[in-house]
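K.L.:
when you get a sec, could you give me coordinates for this:
(chains A and B)
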Amino acid sequence: MLHQILSITFKDLKVLSKDHGGMITLFLMPAMFILVMTNALSGSFSGPSDNPAPLLVVNNDTGELAAEAIADLQTVDGLAIEQTWEGQPLTRELAEGLIGDGDRRVAIIFPADFSDRILARAADSDSPAATVTFLADPAAGAQFLGPVQGAVQGYILRVASYAQAPTQIGAAFDNMAAEAEPQFAPVVKQIGQAFVERLNNGGGLAGSVTDSPVVFEIAAPADFQIEKFPDSAQQNVPGYTLFGVFFIAQVLGISILREKQEGTFRRLLIAPVSRAALLIGKLLPYYLVNLIQVALMFAAGVIVFNMSLGNDPLALVVITLAASAASTGLGLLIAAVGRTPEQIGGLSAMLVITLAAVGGVMVPSYVMPPFMQTASKISPHAWALAGYQDVIVRGLGASAILPEAGALLIFAAAFFGVAVWKFKFE
Amino acid sequence: MTNIVEASKLKKHYGDLQAVKGVDFAIRTGEIFGFLGPNGAGKTTTLSMLSTLLTPTSGTATVAGFDLVKQPGEIKKRIGLVPQELALYPTLSARDNLEFFGSIYGLRGKELTARAQWALELVGLADRAKDAIHTYSGGMKRRINIAAGLLHRPEILFLDEPTVGVDPQSRNNIFENVERLNREGLTILYTTHYMEEAERLCDRVAIVDQGRIIALDTPKALIDSLGGGIIHIGLSGKGDAVAESARALPAVKSIRRIDGKMEIEAHRAQEALVSVLEVANRLDANVTSLEILKPNLETVFLHLTGKTLRD
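P.N.:
Residues are numbered from 1 along each chain as shown, chains lettered A, B, ... in the order given. Coordinates of the predicted model:
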């Protein structure tokens, strides 16, 4: 059986090597996409550290809290805080002018009573809230403004929370003392005073309040992306490699259909070859081609774009093996349902391109609206791309990408299962 | 003489379409057995069942002593199929094609190389072995198509319309090879709709039409069954009267009316013709057409079905 599988595999590799159209689809097309798209979109995909988003900050606050929030924002990777313009302190009018002229796209304005209002509201919840104005170019787009706005709001809320905490906690203990038995009231009050004193001195209950994860989590907006963003090569090299990898579905589908139409499949069926050996022999060369595709495209990414492969090459291999299984499974499925080259060509192009688009190959999923991010889970491209980026962008290892690999294997099993069910051995 | 193939009430239905309507036949070891019939008669479907590609709807068959349904694996090792279509990889060379198909049957190494070379020489294309199949003429492709079915030394070779669309040179090569392989002991099942091929090559012929075997014998016996030949006479009027009188003529075997014409099956064609024309003359019937059909398998088919092999 192994001998027959290898015979079919070598034969198909020979046939494929002479199929110029197939070679262009599988190798030249993804290579050209990688080359063109990585260069064309290098500015758009640059990570926050490489190309931080400028944020104009106008601080009119007479207190200290706005300055604390600004100091925190200056530590955010991906934001470049600007409080002056050409040596002059920023004013609202100046910021509006810069945005109107297109020099900058976003600014925040702290009002004069920012600190006063926050502190007053700690003691009296009915007092008016502080208002921070968020000035933005309407044309800037949500994919730029969303993360910036999230970061700004998060850090401001955190500073406000810290500022209000001593007053609110002190008031809470005073209320508890007032409601306690007379003999316990002084003790409750003393505990409250000690607690507030410790907070005011920056001591906290167990070290620093600023280290408190709970306070930080509450202050951080959910849509604020703390994780690292891929740069252009880290997005486009694995993305368009996957694009090419899944195009094996078209080449494989047409290859099987051609065998059926030309009668060679019939000839194989009357030979003493099991159906399993026939299918494995037919799929194995395309699986191997997938592995070669990934190796070549990633090598190009490293050589041409200086792309890092992360810390764990084994993790890349795991994702590649799983993604290739899904792509060859999809190819078999397309071959099982397609009856003509036109059907297979149309169906495979529609599926592969749609799944690639939904899966974040063409537009990164993190800039998609939430429902599209959810929808991307139906695409094997999304899982494979997430797996690759976990490794090459975030430096994670093989154990971290097992969920993605598992999802891809589920896709592969589903594709193979339906394909074998629908496949006609005649 | 033993039978290498035995089929009994073999049927194949596709829904309401009855492609093969219950055929009974046996192929003797060492003979060339022909399936002669027009396109769509059920020849290829029967061949596909015998080669295990299709499961019969009902009926039984054995090939080389193995049951078609229960032991397809054993049958596959012992048969060679040359399908009607050119079942080759056009971008690969002839040698690559043959070595691949040989390897599928378990041949390897020097044996594989030697068998591929033998097959190339058999079909006279050893000098083109390295050329890609798509550079070959139609006839050359047919010859390689046959070679690919012989690599594993099958006990019986199924040839499905092997000469469709080939040039005379390749046709002769194919005929010579079929005869040579048969002389060397290979049993061959040969399907065709060319009566001259069946007459030349086949020891016995089954005439197939609309999923049934309507006659089965040696070509000579089938032709002899027609007697002296077939005469078609067109008459304008009085056809029934002429036919009635002519039936009594000693040279006439039988008469029937087909599409307004009179078909005369004759013991002796020339004598029958003269006699029937005399009757027509006597009855004052006008002869509008006259055709004497040479006795052959085509005529047999026409006589049995009322249509030609190419209809």
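K.L.:
which parts of the stretch 201-311 of chain B are strands?
P.N.:
Under the criterion DSSP state E, counting those that start in this stretch, the stretch 201-311 of chain B carries strands at the ranges B:204-209, B:212-217, B:229-236, B:252-258, B:261-266, B:286-293.
K.L.:
with chain A instead?
P.N.:
Along chain A, counting by DSSP state E, strands occupy A:53-59, A:79-82, A:84-85, A:88-89, A:106-110, A:133-136.
K.L.:
need the residues that contact the fifth one.
P.N.:
Among residues not part of strand A:106-110, those counted as contacts by Cβ atoms under 8 Å, 6 or more residues apart in numbering or on different chains are A:53, A:55-61, A:66, A:69-70, A:90, A:92, A:95-96, A:98-99, A:132-137, A:140, A:144-145, A:148-149, A:152. C-beta: built from backbone N, CA, C; applies to glycine.
K.L.:
any residue of stretch B:190-202 up close to chain A?
P.N.:
No: judged by Cβ under 8 Å from any Cβ of the partner chain, stretch B:190-202 stays clear of chain A, getting no closer than 14.8 Å.
K.L.:
sorry, back to before: in JSON lines: the strands of the stretch 201-311 of chain B, plus mean neighbour count.
P.N.:
As requested, these are arranged in JSON lines below (neighbours: other Cβ atoms under 10 Å in any protein chain shown):
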{"stretch": "strand B:204-209", "mean neighbour count": "24"}
{"stretch": "strand B:212-217", "mean neighbour count": "18"}
{"stretch": "strand B:229-236", "mean neighbour count": "20"}
{"stretch": "strand B:252-258", "mean neighbour count": "16"}
{"stretch": "strand B:261-266", "mean neighbour count": "22"}
{"stretch": "strand B:286-293", "mean neighbour count": "13"}
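K.L.:
tell me which residue of the stretch 101-250 of chain B lies closest to chain A.
P.N.:
Closest residue of the stretch 101-250 of chain B to chain A, Cβ to the nearest Cβ: B:Ser103 (4.0 Å).
K.L.:
burial of the residue nearest to that residue when sequence neighbours are not counted, as a residue count?
P.N.:
The shortest distance from B:Ser103 to any non-neighbouring residue, by Cβ to Cβ, 6 or more residues apart in numbering or on different chains, is to A:Ser7 (4.0 Å). Counted with other Cβ atoms under 10 Å in any protein chain shown, the neighbours of A:Ser7 add up to 24.
K.L.:
surely B:Gly102 meets B:Ala114?
P.N.:
No: in this structure B:Gly102 lies outside contact range of B:Ala114 using Cβ atoms under 8 Å: 9.8 Å.
K.L.:
when these two are compared, which one has more neighbours?
P.N.:
Neighbours per residue, other Cβ under 10 Å: of B:Gly102 and B:Ala114, the larger number sits with B:Gly102, 23 against 12.
K.L.:
just checking, the more buried one is part of a helix?
P.N.:
Yes: assigned with DSSP: H, G, I helix; E, B strand; the rest coil, B:Gly102 falls within a helix.
K.L.:
mind listing what it touches?
P.N.:
By Cβ under 8 Å, 6+ apart, the contact set of B:Gly102 is B:112, B:115-116, B:151-152.
K.L.:
6 Å - rerun?
P.N.:
Neighbouring residues of B:Gly102 by Cβ atoms under 6 Å, 6 or more residues apart in numbering or on different chains: B:112, B:115-116, B:151.
K.L.:
can you tell me the closest non-neighbouring residue to it?
P.N.:
B:Leu151 (4.0 Å).
K.L.:
verify the stated contact: that neighbour with B:Ala114.
P.N.:
No: here B:Leu151 does not reach B:Ala114: they are 10.2 Å apart, not a contact under Cβ atoms under 6 Å.
K.L.:
give me the longest helix you can find in chain A.
P.N.:
In chain A, taking DSSP state H as the definition, the longest helix is helix A:142-179.
K.L.:
let me see the mean pLDDT of it.
P.N.:
Across helix A:142-179, the average pLDDT comes to 77.
K.L.:
that helix vs strand A:106-110, what angle?
P.N.:
Counting by axes from the mean of the first three to the mean of the last three Cα atoms, to 10 degrees, helix A:142-179 lies at 20 degrees to strand A:106-110.
K.L.:
show me what helix A:142-179 is packed against.
P.N.:
On a contact count with 3 or more Cβ pairs under 6 Å, 6 or more residues apart in numbering or on different chains; DSSP states H and E, helix A:142-179 meets helix A:65-73, helix A:114-123, helix A:185-200, helix A:213-219.
K.L.:
report all helices and strands that the longest one contacts.
P.N.:
Same thing as helix A:185-200. Using 3+ Cβ pairs under 6 Å, 6+ apart: helix A:185-200 touches helix A:142-179.
K.L.:
over to the first one?
P.N.:
Contact here means 3+ Cβ pairs under 6 Å, 6+ apart; on that basis helix A:65-73 packs against helix A:114-123, helix A:142-179.
K.L.:
what's the angle between the longest one and strand A:53-59?
P.N.:
Orientation of helix A:142-179 against strand A:53-59 (the same axes, to 10 degrees) gives an angle of 40 degrees.
K.L.:
also the shortest one?
P.N.:
Inter-element angle recorded for helix A:114-123 and strand A:53-59: 80 degrees (by the same axes, to 10 degrees).
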